[in-house]
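Student: the following block contains a protein sequence and its predicted model.
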Amino acid sequence: MLNRIEQQLGFILKSQSYKETSVIHQVFTKDYGLVSILSKGSRVKNSKQGSLLQAFRCLQVSWVGKGELKTLTGVEESQQRTLPLKGRSLYCGFYANELILNFLQKHDEHQQLFNAYEELLDQLSGLIDIEPPLRQFEKTLLEDIGYGLQLQYEANTGECIKPEEFYTYQHGHGALLAKKPHKEKLFLGDMLINLHGNQLKDKAQIKQAKRLMRTVIDSQLGGKILKSRELFK
């Protein structure tokens, strides 16, 4: 018996052509996580489905299938419409999509991350400072896959992070008090505290937070290069 799913909230993260007129989409859904879905005939000129099946649109997607690749049976645009992304906000959207595709397993539910992704797109479309929302999304992603950052306590002693002290960060272990501070390579305790609370205050903290998150994410990627980062160059 085929499994049939109706009107599941989701976002298309990546699409690739399949045969002459069809497309395979990687869709991030609210209840089923990442799902590969084949849309037959969506590349045909004036295809209504093809015009809807675009990245960063909140969609209601229906599909059928037992195997790894599902078949699209219907798509509608959700009432939770997201404004178009442009410029650096668009690049950030591609970056978030690539993170999800690299870190999530197929068919695992990630509702907390789904909600964070929706919120990120809303913030990016509002043309606000893009860096703090990105750091918050990255942090939620790591938490959701079981690699959340320890930003409140020093890893070796268990003492609270002190705002005025400098720390290193060891992935998988946590923040460590720096014995011989080299400020350009370390992280101020105040930044760690504010990153934990999603309250980064200034450009210096935002820059440090970006460096920390990139270090942690790169260690998880194991040498894999994110194509979306090249867009920022």
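Tutor: Yes, it's here.
Student: most remote residue from the chain's center?
Tutor: Lys180 (34.8 Å; C-alpha atoms, centre = their mean).
Student: and the residue nearest to Gly41 when sequence neighbours are not counted, what does it touch?
Tutor: Distances taken as C-beta to C-beta, 6 or more residues apart in numbering place Thr21 nearest to Gly41, at 4.9 Å, with adjacent residues excluded. All C-beta atoms are positioned from the backbone trio N, CA, C, and that covers glycine. Contact analysis of Thr21 by C-beta atoms under 8 Å, 6 or more residues apart in numbering lists Lys40, Gly41, Ser42, Arg43, Val44.
Student: which one of those has the most neighbours?
Tutor: Neighbour tally across those (other C-beta atoms under 10 Å): the maximum, 22 neighbours, falls on Ser42.
Student: hang on, isn't that one packed against Gln49?
Tutor: Yes. Contact criterion C-beta atoms under 8 Å: Ser42 and Gln49 qualify, at 4.8 Å.
Student: quick check: neighbours shared by the two?
Tutor: Joint contacts of Ser42 and Gln49 (C-beta under 8 Å, 6+ apart) are Leu72.
Student: pick out the residue nearest the middle of this structure.
Tutor: Ala96 (3.6 Å).
Student: helix or strand: which one has that residue?
Tutor: helix 87-103 (DSSP states H and E).
Student: what segments of the protein are helices?
Tutor: With helices called from DSSP state H, the chain shows them at 48-52, 87-103, 111-125, 131-144, 189-196, 203-221, 227-231.
Student: what residues does the longest strand along the chain touch?
Tutor: When the chain is parsed with DSSP state E, its longest strand is strand 4-18. Here strand 4-18 makes contact (C-beta under 8 Å, 6+ apart) with 23-32, 34-35, 38, 43, 53-64, 70, 73-74, 76, 78, 80, 97, 100-101, 114, 117, 121.
Student: which residues of the protein score low on pLDDT?
Tutor: 1-2, 81-82, 127, 181-184, 233 (pLDDT under 70).
Student: mind redoing it with 80?
Tutor: Applying pLDDT under 80 to the chain flags the ranges 1-2, 46-47, 80-83, 126-128, 180-185, 231-233.
Student: quick check: chain neighbours aside, which residue is closest to Gln170?
Tutor: Leu176 (5.9 Å).
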